[in-house]
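**Q** with the input below, show me the fold.
(one chain, ligands or ions: 2)
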Amino acid sequence: MVILSIDTSCDETAAAVTSGRKILSNAIYSQILIHKKWGGVVPHLAKRAHEERINLVIEDALKKAFRSGSENFISREHLASARQTQAFSRNSLAQYLKFIDYIAVTYGPGLAPALEVGILKAKELAKKNNKKLIPINHMEGHIYSCFAQNSHGNPEFDFLFPYLCLLVSGGHTELVLFKDHTRYEVIGKTIDDAAGEALDKAAKMLGLGYPGGPVIEALAERGDPSYHIFPRPMRQSHDLNYSFSGLKTSFFYHLKKLSQQEKYNHVNDLAASYQLAVFDSLIFKLDRALDNLKITTLIAAGGVMANGMLRQKLRQVMKKRGGTVLFPKFKKLYGDNAAMIGIAAFFKAQKKQFVNDIESLDRVPRLSL
Ligand code: KG4
Ligand code: ZN
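**A** Ligands and ions are numbered 1, 2, ... in the order given. Predicted coordinates for the structure are as follows:
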């Protein structure tokens, strides 16, 4: 089953071709340079950039899939006849779309104007090419990113339900039970800012630009995490929810007390201390969740998992409990991408979870799992 998937939920224009869990192509156009100077994602600029790039990114994904994984993409007979007739010498999407079984698209959560671009394009392609449409929750995509395989089907491993998922991105921080394919239960989430957002905002206060997570990580590697003890919010609450806005405020007031010179001298220490407070908070509630569950495998996904220190801490948490943790196997799968959407769609297609009336599919910016 070959799926063309599209994700325009935030600031990456992404399209991919997948066959089951195998990634045949994963094209991503990042808008970071557009948003960098504003210190965050500007919704109407994101929409325009998605509109400008979406056709190119889809074409790129289809062509790459055809070139690199053509035997997965197209049956051998089709491939031979396509090459003979030179059907692929011209530049038409329709020629590639013949070999696609379904089209999948992210319909939430995300920025409304950004989501709209991907949804409109998916509807247009589905109607023109007579394909069924599969609607995907972006966070569901992040979960399935941990099960992705390369075009040869590696790594090879099976699902072993249930899983606990820790999803940490710029817009979300969630603990989710993954009970079976397409069956989820959110057991904890942030009541205000997401952990990625907390890192982005701290970086902005330090004048380090956007996105802040990778810069904070780089500085923290050279800093002393015990330089200042920032608060670990929500420890007293008996639930599994998170909160990062108090931590952000305490960082702001701490910076206010420092001179420019002190900030300059201690920028690495500030980054290390703040990052540790964010990660300790994530792990505190994760530990609490694990105490109450008989689950030994953690799925850890979302943009913030690109952080090596966080991954190391999560490995330690699970090792201590005799369990394991699954991360996305390829670097491109940490941040937003469409391959993860295509993989989630494969399992939805098996359950025949298609859109009944294509026209009715709409964006749901606050969609939850
Ligand atoms: O999943 P993602 O690409 O987009 C959303 O769906 O939000 O996550 C983006 C977030 C941003 O907050 C960014 O600062 C953070 O992931 N991030 C990192 C790192 N790389 C990206 N945070 C910490 N360390 C990193 N290396
Ligand atoms: Zn994301």
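**Q** just for the stretch 51-200 of the chain, where's the confidence low?
**A** 69-72, 74-92 (pLDDT under 70).
**Q** what are the ranges of the strands in it?
**A** 102-108, 132-137, 163-168, 173-180, 183-189 (DSSP state E, counting those that start in this stretch).
**Q** can you pull out the helices in this protein?
**A** Here the chain has its helices, by DSSP state H, at 32-36, 43-68, 70-73, 76-84, 93-97, 112-128, 138-144, 195-205, 212-220, 245-257, 260-265, 267-291, 308-320, 339-350.
**Q** picking up where we left off before, hey, which of the strands of the stretch 51-200 of the chain is tucked in deepest?
**A** Across the strands of the stretch 51-200 of the chain, the average number of neighbours (mean count of other CB atoms under 10 Å) peaks for strand 102-108, which reaches a mean of 27. Backbone N, C-alpha and C define where each C-beta goes, glycine included.
**Q** quick revisit: now tabulate the strands of the stretch 51-200 of the chain in a markdown table and tack on distance to ligand 2.
**A** Below are these laid out as a markdown table (distance: least, CB to the ion, whole Å):
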| stretch | distance to ligand 2 |
| --- | --- |
| strand 102-108 | 9 |
| strand 132-137 | 11 |
| strand 163-168 | 8 |
| strand 173-180 | 11 |
| strand 183-189 | 14 |
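**Q** now the ones you listed in a markdown table, with distance to ligand 1?
**A** As requested, these are exported to a markdown table (distance: least, CB to the nearest ligand atom, whole Å):
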| stretch | distance to ligand 1 |
| --- | --- |
| strand 102-108 | 10 |
| strand 132-137 | 12 |
| strand 163-168 | 8 |
| strand 173-180 | 10 |
| strand 183-189 | 14 |
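**Q** and the closest residue to residue 209 other than its chain neighbours, how many neighbours?
**A** Spatial nearest neighbour of residue 209, excluding adjacent residues (CB to CB, 6 or more residues apart in numbering): residue 36 at 5.8 Å. Residue 36 has 12 neighbours, counted by other CB atoms under 10 Å.
**Q** same check on the one 4 residues further on?
**A** In terms of burial, residue 40 registers 15 neighbours under the definition other CB under 10 Å.
**Q** any idea how far residue 218 is from it?
**A** 19 Å (CB to CB, to the nearest Å).
**Q** before we move on, what about residue 282?
**A** The value you get for residue 282 to residue 218, if CB to CB is used, is 19 Å.
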